[in-house]
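[1] Need coordinates for the following:
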Amino acid sequence: MADDPNALRPGAAIAGYHIVRVLGAGGFGITYEADSPFTGKRVAIKEFFPRGIASREGDTRIVYSARDAEVVEWALRRFESSTLDQCKLKHPNIVDVVHYVKDNGTGYMIMEYVEGETLEHWLREREFLPTPEELRPLLAPVLDALEYLHERRIIHRDIAPDNIMVRGDGTPVVIDFGAIKLIENETQLRSGGRSFAVMKQYYSPPEQIEADGELDQRADIYSMGAVLYRAFSGRPPASAEERMQKLAYGKPDPYVPLDGAAPHISSKLAAVVDTALSFNAAQRQAVIAELRNALRWSDARDATVIAPARGTRIENAPRRSRLPWLVPLAGIAALAIAGLVSNGSIVLPKFGTEVVTAPEPAPAPKLDDVKEIPQMPVHTQQDPDATQPDAPVAYAQRYEGEVSIYRMVETNPEQALTNCVPGRRTALRAEIDGTTLNIAHGGNTMVAEIKADGSFDSESGGLLSRKMRYSGRVTPEAIEGEFVSTNERGSCYGKLTAKPAPAVQ
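    Residues are numbered from 1 along each chain as shown. Below is the predicted model:
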């Protein structure tokens, strides 16, 4: 982000604040951290900057071509009205938007700077997949925030783990409203179909992909279901785009029910998440209250605040905290005490009956008062009669197939993705050595570890700030997956398909 050629340079002055660094960027906006040299107050500033249309004149001023003047004027007005609407929102779990400034040929949304880490980072840094009890204090308040928005006929449109910040005291804050996505979609139509940004691949509902898709609160319910799925299983669900393509060609829905992706979660809880992720919006929970009740999170005040934990990354196999083994020990202790009481070894004092009024809920603990909950694996004694694990899957040593490009998203039409043409196919070769998968196609190479269930997921950087990601599944019969290559010019999406190669004679 720091090398974004379109971004304001550190030290640039906007509305009395000095830019410190870039926090994030999309097709229509760049978000910065900034501070005031007079008050020392830190803020986050989102600058309206439609890539492919706008360019900088000098250090700060933005200019547009005459042919785009009408669409830019409409989009900028919409950005302004959206910012002013957000200024009216007051909720402890929604980022506070404090001001809007017109200057330099564009507009700036000024909001509070949220100190903490994203939910995605919190999940990645954990050694263990979180339990429902651990997730509840982080996500139940998000449900409250969404309900607050829906009561005001506002759809967030962009709920995802990287748009939920977790403060140092464990308080979640919803940031980065997706209202700008509506601007992107409409501007794309008004400007001849030009693309400006990549949607949240795994967290946006199917109706958000369609150009004429109408969104209601069930769109946020789908996104919330995807956040729960990613937290419990360690990976996001199948993307709505992939699901649409498979179903359009009469193939099964690639969505893997949470019961299979996270077997340590109860089947009832898994079914609630599956319902929220229904492809058809009519089959999802209708309102946030219905989702909250199904999750049994109706009273978030009872939940314990958990501070962000730091540690190693999530491992493949789901793990749980050491707390469950305390339950049987507590039961054993209770039985032992009961036996001592019954035989007279222990005499319990008698107390009169007293009605106690429940105190008001305690305020959220300060950072210094919050303790991290230790996470340890569950150790169980091996049963000699237990069924032995299945033998390793016998994969083929070599596979041959192709990568088929199906989507191109450019961020700068003047710098085309010349090697990314939808419909183009390139030969693919794959070799497997034990559980190590090597894939090569069109000058690209990838190495990934095949997990116990046959899945693989690998992301790496490359030349010219390019990032590549491969994900999919290997079976003895085939390799199927996705390929995404992203650089400063845009993103290229492809499908991986391969079959075992004929034996060399």
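[2] Can you give me the domain assignment for this structure?
    Taking automatic domain parsing as the domain assignment, the ranges for the chain are 1-113, 115-318+370-377, 398-500.
[3] can you put those in TSV and add mean neighbour count?
    C-beta: built from backbone N, CA, C; applies to glycine. Converted to TSV, these look like this (neighbours: other CB atoms under 10 Å):
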stretch	mean neighbour count
domain 1-113	17
domain 115-318+370-377	18
domain 398-500	17
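[4] Span of stretch 142-158 from start to end?
    End-to-end distance for stretch 142-158: 13 Å, by CA to CA, to the nearest Å.
[5] Format the CA atom coordinates belonging to stretch 78-90 as PDB.
    Backbone C-alpha positions of stretch 78-90 (Å, rounded to 0.1, in the frame of the first residue of the first chain) are rendered in PDB as follows:
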ATOM      1  CA  ARG A  78     -23.300  10.000  -3.800                       C
ATOM      2  CA  PHE A  79     -20.100   9.700  -1.800                       C
ATOM      3  CA  GLU A  80     -20.900  12.900   0.000                       C
ATOM      4  CA  SER A  81     -24.500  11.900   0.800                       C
ATOM      5  CA  SER A  82     -23.300   8.500   2.000                       C
ATOM      6  CA  THR A  83     -20.700  10.200   4.300                       C
ATOM      7  CA  LEU A  84     -23.300  12.600   5.700                       C
ATOM      8  CA  ASP A  85     -25.600   9.700   6.400                       C
ATOM      9  CA  GLN A  86     -22.800   7.900   8.300                       C
ATOM     10  CA  CYS A  87     -22.100  11.000  10.300                       C
ATOM     11  CA  LYS A  88     -25.600  10.600  11.900                       C
ATOM     12  CA  LEU A  89     -24.900   7.000  13.100                       C
ATOM     13  CA  LYS A  90     -24.000   6.700  16.800                       C
END
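[6] Give me the residue ranges of the stretch 201-350 of the chain where confidence is low.
    210-213, 299-350 (pLDDT under 70).
[7] And for the stretch 1-150 of the chain?
    When residues are selected by pLDDT under 70, those of the stretch 1-150 of the chain lie in 1-3.
[8] how about a cut-off of 80?
    For the stretch 1-150 of the chain, applying pLDDT under 80 flags the ranges 1-4, 26-28, 51-53, 65-68.
[9] Name every strand pairing with the longest strand along the chain and say which way it goes.
    Counting residues, the longest strand found in the chain (DSSP state E) is strand 398-410. Next to strand 398-410 in the sheet, as set by DSSP bridges, lie strand 425-433 (antiparallel), strand 490-500 (antiparallel).
[10] Show residues contacting that strand.
    Strand 398-410 is contacted from outside by 52, 194-195, 197-198, 241, 245, 416-417, 420-432, 441-442, 478-479, 483, 489-501, using CB atoms under 8 Å, 6 or more residues apart in numbering.
[11] Can you say which of the strands paired with strand 398-410 is nearest to A44?
    strand 490-500 (25.1 Å; CB to CB).
[12] so where do the strands sit in the stretch 101-250 of the chain?
    With strands called from DSSP state E, counting those that start in this stretch, the stretch 101-250 of the chain shows them at 106-112, 117-118, 164-166, 172-174.
[13] Can you give me the end-to-end span of stretch 95-110?
    Span of stretch 95-110 from end to end, CA to CA: 11 Å.
[14] Also stretch 44-62?
    Using CA to CA, one end of stretch 44-62 lies 19 Å from the other.
[15] quick one on the thing from earlier: got CSV for the strands of the stretch 101-250 of the chain, with distance to G250 too?
    Listed next are the strands of the stretch 101-250 of the chain as CSV, based on distance: least, CB to CB, whole Å:
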stretch, distance to G250
strand 106-112, 44
strand 117-118, 38
strand 164-166, 36
strand 172-174, 38
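[16] D96 is nearest to which of those strands?
    strand 106-112 (4.4 Å).
[17] Now do the closest one: which elements does it pack against?
    strand 42-48, helix 69-87, strand 97-103 (3 or more CB pairs under 8 Å, 6 or more residues apart in numbering; DSSP states H and E).
[18] for E402, which residues make a bridge with it?
    With DSSP bridges applied, E402 shows beta-bridge pairing to A427, T497.
[19] What of M111?
    A44, V97.
[20] OK, contacts around it?
    43-46, 86, 95-98.
[21] related to what we said a few turns ago, closest one to D103 among the strands paired with strand 398-410?
    Smallest distance to D103 across the strands paired with strand 398-410 (CB to CB): 29.0 Å, for strand 490-500.
[22] could I get the closest one in CSV with only the CA atoms?
    Included here for strand 490-500 are C-alpha records, laid out as CSV according to Å, rounded to 0.1, in the frame of the first residue of the first chain:
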residue,chain,number,x,y,z
GLY,A,490,-5.5,-5.6,-11.8
SER,A,491,-6.5,-9.2,-11.1
CYS,A,492,-6.8,-12.3,-13.3
TYR,A,493,-8.9,-15.3,-12.4
GLY,A,494,-8.6,-18.8,-13.7
LYS,A,495,-9.8,-22.4,-13.1
LEU,A,496,-7.4,-25.3,-12.6
THR,A,497,-8.3,-28.7,-14.0
ALA,A,498,-6.0,-31.7,-14.4
LYS,A,499,-6.1,-35.4,-14.8
PRO,A,500,-3.4,-38.1,-14.0
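[23] Pull the residues that contact that strand.
    So strand 490-500 is in contact with 195, 198, 396, 398-412, 417, 419-420, 428, 430, 439, 470, 472, 476-486, going by CB under 8 Å, 6+ apart.
[24] separation between the closest residue to V142 other than its chain neighbours and G116?
    Excluding the flanking residues, the one nearest V142 by CB to CB, 6 or more residues apart in numbering is P172, at 5.5 Å. Using CB to CB, to the nearest Å, we find P172 at a distance of 9 Å from G116.
[25] Find residues that contact each of these two.
    When contacts are counted by CB under 8 Å, 6+ apart, P172 and G116 are jointly contacted by 165-166.
[26] Can I get the helices and strands packed on strand 106-112 in TSV including distance to L129?
    Formatted as TSV, the helices and strands packed on strand 106-112 follow (distance: least, CB to CB, whole Å):
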stretch	distance to L129
strand 42-48	30
helix 69-87	33
strand 97-103	34
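[27] all helices of the stretch 51-200 of the chain, in order?
    Secondary structure of the stretch 51-200 of the chain (DSSP state H, counting those that start in this stretch): helices at 69-87, 119-124, 132-151, 179-190.
[28] And those: which comes nearest W297?
    Nearest of these (CB to CB): helix 132-151, 4.5 Å.
[29] between the closest one and helix 69-87, how many degrees?
    Interaxial angle, helix 132-151 versus helix 69-87 (axes from the mean of the first three to the mean of the last three CA atoms, to 10 degrees): 120 degrees.
[30] who touches helix 132-151?
    Outside helix 132-151, the residues that touch it by CB under 8 Å, 6+ apart are 89, 91-94, 119, 122, 155-156, 159, 164, 166, 170-172, 174, 217, 220, 224, 227-228, 231-232, 265, 269, 287-289, 291-292, 295, 297, 300, 303-306, 321, 373.
[31] tell me the secondary structure for V273?
    Look at V273: counting by DSSP: H, G, I helix; E, B strand; the rest coil, its state is helix.
[32] From what I see, it and G225 are in contact.
    Yes - the criterion here is CB atoms under 8 Å, and V273 meets it with G225 at 5.2 Å.
[33] where do the contact lists of these two overlap?
    Counting by CB under 8 Å, 6+ apart, nothing touches both V273 and G225.
[34] Report the beta-bridge partners for A448.
    Under the criterion DSSP bridges, A448 forms beta bridges with L437.
[35] wait, what's in contact with it?
    A448 makes contacts with 436-437, 439, 456-458, 470, as judged by CB under 8 Å, 6+ apart.
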